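A.B. asks: return atomic coordinates for the entry below.
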Amino acid sequence: MAPQLGLAASRKYLRTRFKTGLLRSRNSLLPAIQMTACAVGAYAFAEYVLGHTGPLFAATSSLIALGFSRDPRLRRVLEVGVGCTLGIVIGDLLLHWLGAGIWQAAVVLFLSIVVARFLDSGTIFTTQLGLQSLLVVLLPAPAGGPFTRSLDAVVGGVFALLVTVLMPKDPRREPRQDMKKILHELAEVLRECASAMIHSDSTQAWHALIRGRNCQPLIDRMRQTLRASDEVATLAPAYRRHREELAKLSQSLDFIDLALRNSRVFARRLTSAINHTALSDEATDSISEVLQETAAAIDELSLGLAEVHDGVRRTHLRGARQELSDIATRLHPKLLDVQRLEGETVVMLFRPLMVDLLEASGMESREARDILPPL
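C.D. replies: Below is the predicted model of the structure:
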């Protein structure tokens, strides 16, 4: 029986892994074409136009600058070009003073890495600087001198920027996908809190807290994506008109980040309230209903922020604002049948979260606060 279960689990894992890999490969077709054309083009230009022999760094630097990373491409191009040049300078100086050999290579590599970390925190910059200084010590200089490699790296970076300008991808696609994931997680945190109240299960409320904490990497990832997308929108004339939309997404993300932080505070307090039976049955029903309705409004907000068409996006955002506003008008302990002090604290902690969501939907801060019933 056990071997059969293990075999079934293995087949399921392989099937899931195959589907995931197939989807990832399909989504990577356009970037793969861009990277191939860029690398081959940079290599051909350096070899046939500049006359360099075997200009591998033209191809490799273009691949690094494009890549699948979410870092801004302009930064990667600069890291490759500057790191390559400085690495050659450091390696050449140390080679002149120390000579060539294995222990000299170790000293050069160590010092290059330390210098790179002192100058910049970029991983690519450190790798390029260390690699180039090491190659200077261990390998003979190419025809044309050691700085030929530096020029090749610049050529590759320029080709990467040209591909970004001439063959750009929609800079809004990845931020929208990230936003949907973040808002889905926030809605699920609130649904778990509602379920924890209904079943008087403090463990489930704690799980909601952990889920909220695990959202922070998603926030950080989206901030990185927005920086790269804004760079693409700046460099590519075809998408320059979308910079305002990306700026609004970034602003909404700031408020959603605050909402997630407040959701963690709320879930932590809810755990304590459940353990101390601080909420009556009426209060439990009222607050859990508020949480479920808020989660549904967040789903509507997600549709708005991830929508492509302006008209449909405005409709969803208007609907989300209306739903959130209706919920906000009920956020008072007496209106939710809350009697004890600890139960009142739960309601009070939910109010700033609601303000954050209203601001994320496009409402002004003062207007969002004024919707809340006075205490």
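
A.B. asks: looking at this structure, which helix is longest?
C.D. replies: helix 243-275 (DSSP state H).

A.B. asks: tell me the buried residues in it?
C.D. replies: Across helix 243-275, burial judged by 16 or more other C-beta atoms under 10 Å covers 245-246, 249-250, 252-253, 255-264, 266-271, 273-274. Backbone N, C-alpha and C define where each C-beta goes, glycine included.

A.B. asks: below-threshold pLDDT in the stretch 1-150 of the chain: ranges please.
C.D. replies: In the predicted model, the stretch 1-150 of the chain carries pLDDT under 70 at residues 1-6, 68-74, 141, 145-146.

A.B. asks: which other helices and strands does the longest helix of the chain contact?
C.D. replies: helix 173-198, helix 202-213, helix 216-235, helix 341-360 (3 or more C-beta pairs under 8 Å, 6 or more residues apart in numbering; DSSP states H and E).

A.B. asks: for the shortest one, list every residue counted as buried.
C.D. replies: Pointing back at helix 202-213 there. Neighbour-count burial for helix 202-213, counted by 16+ other C-beta under 10 Å, picks out Ser202, Gln204, Ala205, Trp206, His207, Ala208, Leu209, Arg211, Gly212.

A.B. asks: export these as CSV, with columns for pLDDT and distance to Gln224.
C.D. replies: Below are those laid out as CSV (pLDDT from 0 to 100; distance: C-beta to C-beta, whole Å):
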residue, pLDDT, distance to Gln224
Ser202, 91, 35
Gln204, 94, 32
Ala205, 93, 31
Trp206, 94, 30
His207, 95, 28
Ala208, 94, 26
Leu209, 94, 25
Arg211, 95, 22
Gly212, 94, 20
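
A.B. asks: and which of those residues is nearest Ser28?
C.D. replies: Nearest to Ser28 among the buried residues of helix 202-213, counting by C-beta to C-beta, is Arg211 at 29.4 Å.

A.B. asks: correct me, but the closest one touches Leu190?
C.D. replies: No. At 10.3 Å, Arg211 and Leu190 do not qualify as touching, with contact defined as C-beta atoms under 8 Å.

A.B. asks: identify all contacting residues around stretch 257-277.
C.D. replies: 182, 185-186, 189-190, 193, 196-197, 200-202, 205-206, 208-209, 212-213, 215-216, 219, 278-279, 342-343, 345-346, 349-350, 352-353, 356-357, 360 (C-beta atoms under 8 Å, 6 or more residues apart in numbering).

A.B. asks: and Gln214, what is it in contact with?
C.D. replies: For residue 214 the amino acid is Asn, not Gln. Glu185.

A.B. asks: if I look at it, how far off is Ile182?
C.D. replies: From Asn214 across to Ile182, the span is 11 Å (C-beta to C-beta, to the nearest Å).

A.B. asks: do Ser286 as well
C.D. replies: Distance of Ser286 to Ile182, computed by C-beta to C-beta: 27 Å.

A.B. asks: these two: which has the busier surroundings?
C.D. replies: Ile182 (23 against 20; other C-beta atoms under 10 Å).

A.B. asks: thought that one was touching Pro217?
C.D. replies: No. In terms of C-beta under 8 Å, Ile182 does not count as a neighbour of Pro217; the distance is 10.3 Å.

A.B. asks: before we move on, the earlier item: including distance to Met35, could the buried residues of helix 202-213 go into CSV?
C.D. replies: Formatted as CSV, those follow (distance: C-beta to C-beta, whole Å):
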residue, distance to Met35
Ser202, 51
Gln204, 46
Ala205, 46
Trp206, 45
His207, 41
Ala208, 41
Leu209, 41
Arg211, 36
Gly212, 37
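
A.B. asks: which pLDDT value goes with the spatially most central residue of the chain?
C.D. replies: In the chain, the C-alpha nearest the mean C-alpha coordinate belongs to Arg221, at 1.5 Å (C-alpha atoms, centre = their mean). pLDDT, Arg221: 91.

A.B. asks: what's the distance between the closest residue to it other than its chain neighbours and Gln204?
C.D. replies: Nearest residue to Arg221 in three dimensions, chain neighbours excluded: Asp178, at 6.3 Å (C-beta to C-beta, 6 or more residues apart in numbering). Taking C-beta to C-beta as the measure, Asp178 and Gln204 are separated by 27 Å.

A.B. asks: please apply the same query to Gln216.
C.D. replies: Taken as C-beta to C-beta, the span from Gln216 to Gln204 is 21 Å.

A.B. asks: the residue nearest to the centre of the chain and Val155: what is the separation?
C.D. replies: Plainly put, Arg221 is 31 Å away from Val155 if you go by C-beta to C-beta.

A.B. asks: isn't Val115 up against Thr126?
C.D. replies: No. With contact defined as C-beta under 8 Å, Val115 and Thr126 do not form a contacting pair (9.3 Å).

A.B. asks: ok, the two, which is more surrounded?
C.D. replies: When Val115 and Thr126 are compared for neighbours, Thr126 comes out ahead with 21 against 17, by other C-beta under 10 Å.

A.B. asks: give the contact list for that one.
C.D. replies: Gly83, Ile113, Ala116, Arg117, Asp120.

A.B. asks: just those residues: which are in helices?
C.D. replies: Gly83, Ile113, Ala116, Arg117.

A.B. asks: OK, contacts around the first one?
C.D. replies: Residues in contact with Gly83, defined by C-beta under 8 Å, 6+ apart, are Ala116, Gly122, Ile124, Phe125, Thr126, Thr127, Gln128, Leu129, Gln132.
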